[in-house]
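# A structural model of the following input is requested.
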Amino acid sequence: MKKEDYTFSFEVYDSIDELNEHDAWLLNQAREVTQHAYAPYSHFQVGAIARLDNGQIVAGSNQENASFPVGLCAERVLLASAASLFPKVPIETIAISYHNENGESDHPISPCGMCRQSLLEYESRVKHPIRVILGGLEGQVYIIDRAAMLLPLSFTAEDLSSPL
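Reported below is the predicted structural model:
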């Protein structure tokens, strides 16, 4: 038997004030995009905004549904929009923020498992890492170099390939 460890590092900032101008702008935009969320059931509004390799900006917000499990997360809304509007254009950086109407919005949250898988797939499809900025409406901010780091032991297209 052999034990393996998985670790990754990420940057932790005390607040948005410590970020460079471009990252602070993206996070502020993600914070604003939370206002476009449709979250009448969870009251947990998520906003995501991305800067693409071609300089374009794409946004997404979560969209809930009375049939609760069929809602869409902000990250997947953003990824679908980016892929539709700018096929094959890499995402340089995505910023994700949230507003919890039932509690605090003062620390970074991470994408759900389905969104992590979708971010990984997008990175793989365009062969380019997606830098991720995570932050609430205030408080600490995390920056992760590649979205794939959020999903260790991931399931990828290579797992579906048949041996030659």
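# thought residue 47 was touching residue 38?
No - here residue 47 does not reach residue 38: they are 11.8 Å apart, not a contact under C-beta atoms under 8 Å. From N, CA and C alone the C-beta is placed, and that goes for glycine too.
# which of the two has more neighbours?
Each of residue 47 and residue 38 has its neighbours counted (other C-beta atoms under 10 Å); residue 47 has more, 26 against 13.
# show me how far the helix-or-strand element of the chain with minimal mean pLDDT is from its chain's centre.
Each helix and strand of the chain was given a mean pLDDT (mean pLDDT, DSSP states H and E); the minimum falls on helix 157-160 at a mean of 84. Relative to its chain's centre, helix 157-160 lies at 23 Å (C-alpha atoms, centre = their mean, to the nearest Å).
# does anything pack onto that helix? Which helices or strands?
With contacts taken as 3 or more C-beta pairs under 8 Å, 6 or more residues apart in numbering; DSSP states H and E, helix 157-160 sits against no other helix or strand.
# residues making contact with that helix?
The contact list for helix 157-160 (C-beta atoms under 8 Å, 6 or more residues apart in numbering) reads 121, 124.
# shared neighbours of residue 47 and residue 38, anything?
Here residue 47 and residue 38 have residue 61 as joint contacts, going by C-beta under 8 Å, 6+ apart.
# for the protein, just list every one of the strands.
For the chain, the strands defined by DSSP state E occupy 11-13, 44-52, 57-61, 91-100, 131-135, 141-144.
# CSV please, covering these and showing mean pLDDT and distance to residue 29.
Compiled in CSV, these are given as follows (pLDDT from 0 to 100; distance: least, C-beta to C-beta, whole Å):
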stretch, mean pLDDT, distance to residue 29
strand 11-13, 98, 17
strand 44-52, 98, 4
strand 57-61, 98, 7
strand 91-100, 98, 7
strand 131-135, 98, 11
strand 141-144, 98, 14
